[in-house]
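> pasting the structure only:
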């Protein structure tokens, strides 16, 4: 079975047909998805802006990023299942959308980057042996990738 056939099978399953046919269920799922995105956006901004040297300068960057990461994870716990439901409702449409694939690749990259490179740099950001340029670069890469995820998701809504 090809991935496209799998998408067709998912999209036309009875549960997803009922979800698409409901006047309120899909909009509720989409709204919850956006709330998860807002939580993630806030967590990313707080942590990355601190790594860039903006705001919360009286707090250690390590502490700010660690505390913000908890919110990031909470947002992901909300956003991933609702995103999967949204995908399943229109799987064949998303299969052909370049913006969907840009979003998915960016999401995969930013998750790997966030929970490996950025986490390691943030854990040592306040130590004298870590060059501030590395913290800034990690923050800029993170912000760029998360912005690409958000823009890709927004463009999916236009098509």
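That came in fine, so what should we check first? These numbers were taken from a predicted model, which means no experiment stands behind them.

> can you give me the helices for the protein?
3-11, 14-21, 25-52, 61-89, 91-95, 98-113, 119-123, 132-158 (DSSP state H).

> possible to save those helices as TSV with mean neighbour count and mean pLDDT?
Bear in mind the C-beta positions are built from the backbone N, C-alpha and C, glycine included. Formatted as TSV, the helices of the chain follow (neighbours: other CB atoms under 10 Å; pLDDT from 0 to 100):
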stretch	mean neighbour count	mean pLDDT
helix 3-11	14	94
helix 14-21	12	90
helix 25-52	18	94
helix 61-89	18	95
helix 91-95	17	94
helix 98-113	16	96
helix 119-123	18	89
helix 132-158	17	91
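
> can you tell me the closest non-neighbouring residue to residue 79?
residue 36 (3.3 Å; CB to CB, 6 or more residues apart in numbering).

> whoops, residue 109 was the one
residue 145 (5.7 Å).

> OK, contacts around that neighbour?
Contact analysis of residue 145 by CB atoms under 8 Å, 6 or more residues apart in numbering lists 106, 109, 110, 113.

> which pair in the residues you listed spans the largest distance?
Farthest pair in the contacts of residue 145 (CB to CB) is 106 and 113. Separation: 10.1 Å.

> where does residue 126 land on pLDDT?
We have a pLDDT of 76 for residue 126.

> start at 298, not 1
Sure, I'll start counting at 298 from here, so that last one is residue 423.
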